[in-house]
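A.B. asks: this is the structure alone, sequence omitted:
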């Protein structure tokens, strides 16, 4: 029995959900998101809530039950509030800046890295060592943040690199003489 799937998804005021064929469309103040709904589950859309129920007792229905509920919850939160990932850059001379549609990163390489910001994502740099990735699609925000972090992940000796704001870096002891 799914522990996640049995709870209905609360839908805040200002968000509308509509089932168009086998596609669920969520509209809110930040935009519109859509998601294909699996044949293994059925949706009950009521004012203020959405309930997900499995169609059968087979394994596929039970696995898609909690997954679908979680994806719907992410869509509702995305179109109403949005998602944010904050990142920090640590290291001498390491910095980031937004120039038009690109994020320019100086991460200790002989060249600067130019990352083109995808559609639906907003990147801001309040300080040269802080990056904020915002958007309404949870998966896309996480993917963009992971790609930026992938250019120079934090290293364990001095902690230099790009890390998430609340990430703990396991530090290693250096060489002993």
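C.D. replies: Ah, there it is. Fair warning: this is a prediction, and the values are worked out from it, not measured in the lab.
A.B. asks: per-domain residue ranges of this protein.
C.D. replies: With domains defined by automatic domain parsing, the chain comprises 9-80, 83-164.
A.B. asks: using CSV, lay out those domains together with mean neighbour count and mean pLDDT.
C.D. replies: For glycine as for every other residue, the C-beta is placed from the backbone atoms N, C-alpha and C. Output for the domains of the chain, formatted as CSV (neighbours: other C-beta atoms under 10 Å; pLDDT from 0 to 100):
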stretch, mean neighbour count, mean pLDDT
domain 9-80, 16, 91
domain 83-164, 16, 94
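A.B. asks: which residues in this protein form strands?
C.D. replies: 9-10, 16-20, 23-28, 31-36, 41-46, 49-54, 83-90, 95-99, 102-106, 113-116, 121-124, 130-135, 161-164 (DSSP state E).
A.B. asks: turn these into CSV, columns for distance to residue 72.
C.D. replies: Output for the strands of the chain, formatted as CSV (distance: least, C-beta to C-beta, whole Å):
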stretch, distance to residue 72
strand 9-10, 5
strand 16-20, 8
strand 23-28, 7
strand 31-36, 7
strand 41-46, 8
strand 49-54, 6
strand 83-90, 15
strand 95-99, 32
strand 102-106, 31
strand 113-116, 30
strand 121-124, 21
strand 130-135, 18
strand 161-164, 26
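A.B. asks: now do the same end-to-end measure for stretch 76-86.
C.D. replies: End-to-end distance for stretch 76-86: 21 Å, by C-alpha to C-alpha, to the nearest Å.
A.B. asks: now do stretch 5-24
C.D. replies: End-to-end distance (C-alpha to C-alpha), stretch 5-24: 17 Å.
A.B. asks: residues contacting residue 125?
C.D. replies: For residue 125, the contacting residues are 96, 97, 98, 103, 131, 132, by C-beta atoms under 8 Å, 6 or more residues apart in numbering.
A.B. asks: do residue 174 as well
C.D. replies: By C-beta under 8 Å, 6+ apart, the contact list for residue 174 reads residue 157.
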